[in-house]
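**Q** Output the structure for:
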Amino acid sequence: MRATCQVRVLGGFAVAVDGRPVPGDVWRNRRAADVVKLLAVAPDHRLHREQVMDRLWPDLPADAAGANLRKAVFYARRALGRADAVRCEGRLLTLWPGGDLDVDLDRFQRAADAALASGDAERCALAAAGYRGGLLVDDRYECWVAEPHEKVEGRYAALLRAAGDWERLLDLDETDEQAHRAVMRRHLAAGRRGEALRQFDRLRRTLRERIGVGPDAETVELYESALSLDAAEPPSPAQRAAVALANGLVAFGRRHLAEAERLARQARVLALDADLGHELGEASTLLALVAHARGTWHRLFREEFADAVRHPSRPVVYDAHLCLQEFYLYGPEGHDGAESFGRDLLDIASRAGSAAGRALAYLLLGEFALLSGRLDDAVTTLGESLGEAERAGCGSARSLALERRAEAEARRGDPAAARADLDEALPLARSSRIPSHLVIRVHGVRVLAAGTLGGALGAIREAERWLTEAPHVCDPCSMGFRIAAATACANAGSPSRARPHLAEAERISGLWQGGPWTAALWEVRAEVRRAQGQRTRATALFLEAAERFAAMRRPLEERRCRAAAASLSDR
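**A** I've put the predicted structure just below:
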């Protein structure tokens, strides 16, 4: 009787030989398991030796990688209990060539192909039910898993689409606009107008946060038709603002800048009148994007700022200016010109006698000092911002000033002072009108100010718990936390724990091209490579980060990266 080997790669990794599970502790040599995984997902379950070496040991010379491969194959054969479990014939490696091999991925792919070819929705639903989870979920951040994972997930998505299983498709990809529209239409057909409106709001926020766009015209038209249906109540200000923002993003995507600006201002007025902090932030961001595209950002902000400080306003107005200001500092242009611009704003606010205006101006000046590496100046100036924000009763500005001052204190070696500021900032952020922007920023600096790696990992766990419970988190504002968390995990010798945070940071950075976060990503990649023992690759990445920080005029970060590269070269 031919020996059988069953390999599971969907939802996790497991092997059984002749019906008996291979215990997990048999895979003490991790690369032995990796060889089996690679061959299990490869076409015909075979690969050239060079392909395996390149995927598992990309940084090693061929001789060293070859020695590692021979060792891994030896331990794989031992784990599977057969000398021919992995056959090396010429330059080719083959998994279980002398017996019957059953891989769950093969069964799923055959069923999926047959169902999709039939075009039958029920067959597609049945085939989709055979998908037991993502490919090699414990290895999802390994580079060699990305391509096969993308292929199998794409096939699963095609099955769900053909079956009309829109909810599960949204569980897989929450940005799928066709699925959102189908769910909206289903709600409307059942008379659930409110559910359809909420589905649109979920889509709008998801698209904005995750890929930096708005719904397309077809979806906006469906939403407007839902709003126009007979209802007990007319559309709320939030719903009207949502329509304006969605249409504004459509206009911006088509480069109809005048229309995008008109709609952004319309949404901004609705948000101000109804005290809608989140919608106000979105409207301000859209205004900033339009102004940046036109090259008129400074004029726009100066006019908005001057109008706010010359007329009595509620604190929510200043929340909008905080969003505009952060876009300026951390956007693609960096912080060039921030100091003279900040002093201009301070003069406007002082002549108007506006404490809230002075708080924002000092905040801009303090952040400029921090980004420029003048830490003592940053602490002093951010203290001025804090005092003015307290006088103005502006909680959001107080939270942001405390958080930025805490980062300056942590970076100049005073973590105790930083933690005291953060303890004061966190409740202010939680109770503000824009907690989705402010709370995660505080968590990011708490990682920096922890003082020990154990403390940093504890701060990361606390932030991760909050992220799972938060209904909405601003992606750009979460970059500081993602960068700090990935760095701390890598420094603690856990690159696998760093990778999810690095992956999130890379996704968000793709929405916000250029700026200091791009440089920070190169530094984090270097830290992960260093944690993996890949010194040559880490050195090159640290130097790349240093060059990018230098271009952004970030001297502290540049020196830190050059020092890290030098320390690796000296060993």
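
**Q** Can you list the low-confidence ranges for the stretch 251-400 of the chain?
**A** Judged by pLDDT under 70, the stretch 251-400 of the chain has its weakly predicted residues at 277-278, 297-298, 304, 307-337.

**Q** Go again with 90.
**A** Low-confidence segments of the stretch 251-400 of the chain (pLDDT under 90): 251-261, 263-357, 359-361, 364, 367-368, 371-372, 392-397.

**Q** what does the longest helix seen in the chain contact?
**A** Counting residues, the longest helix found in the chain (DSSP state H) is helix 143-163. The contact list for helix 143-163 (Cβ atoms under 8 Å, 6 or more residues apart in numbering) reads 10, 38, 41, 55-56, 58, 105, 108-109, 112-113, 115-116, 119, 121-122, 124-125, 127-128, 131, 134-136, 139-140, 166, 168-169, 172-173, 176, 178-179. To be clear about C-beta, it is placed using only N, CA and C from the backbone, and glycine gets the same treatment.

**Q** Okay, domains of this protein per the record?
**A** With domains defined by automatic domain parsing, the chain comprises 1-170, 515-571.

**Q** could you dump the ones you listed to CSV with mean neighbour count?
**A** Formatted as CSV, the domains of the chain follow (neighbours: other Cβ atoms under 10 Å):
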stretch, mean neighbour count
domain 1-170, 17
domain 515-571, 19
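
**Q** Name the next helix or strand downstream of the lowest-mean-pLDDT helix or strand in the chain, please.
**A** None of the helices or strands of the chain scores lower by mean pLDDT, DSSP states H and E than helix 315-330, at a mean of 59. Using DSSP states H and E, the helix or strand that follows helix 315-330 in sequence is helix 338-352.

**Q** next one: stretch 503-510 to chain centre, how far?
**A** Taking Cα atoms, centre = their mean, to the nearest Å, one finds stretch 503-510 lying 4 Å from the centre of the chain it belongs to.

**Q** what helices or strands is the helix or strand Ala127 falls within leaning on?
**A** Taking DSSP H and E as the definition, Ala127 sits inside helix 121-129. Counting contacts by 3 or more Cβ pairs under 8 Å, 6 or more residues apart in numbering; DSSP states H and E, helix 121-129 is packed against helix 104-118, helix 143-163.

**Q** for those helices, which one sits closest to Pro471?
**A** helix 143-163 (25.3 Å; Cβ to Cβ).

**Q** quick one: the closest one to helix 104-118, angle?
**A** In terms of direction (axes from the mean of the first three to the mean of the last three Cα atoms, to 10 degrees), helix 143-163 departs from helix 104-118 by 30 degrees.

**Q** Extract the C-alpha trace of helix 143-163 and format it as CSV.
**A** The C-alpha coordinates for helix 143-163 follow below in CSV (Å, rounded to 0.1, in the frame of the first residue of the first chain):
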residue,chain,number,x,y,z
CYS,A,143,7.7,37.4,1.9
TRP,A,144,7.4,34.0,0.2
VAL,A,145,3.8,33.6,1.4
ALA,A,146,2.5,36.8,-0.1
GLU,A,147,2.1,35.7,-3.7
PRO,A,148,0.3,32.3,-3.2
HIS,A,149,-1.8,33.9,-0.4
GLU,A,150,-3.0,36.6,-2.8
LYS,A,151,-3.9,34.1,-5.4
VAL,A,152,-5.9,31.8,-3.2
GLU,A,153,-7.7,34.7,-1.5
GLY,A,154,-8.5,36.1,-4.9
ARG,A,155,-10.1,32.8,-5.9
TYR,A,156,-12.1,32.7,-2.7
ALA,A,157,-13.3,36.3,-3.3
ALA,A,158,-14.4,35.3,-6.8
LEU,A,159,-16.5,32.4,-5.4
LEU,A,160,-18.1,34.7,-2.8
ARG,A,161,-18.9,37.3,-5.6
ALA,A,162,-20.4,34.6,-7.8
ALA,A,163,-22.4,33.2,-4.9
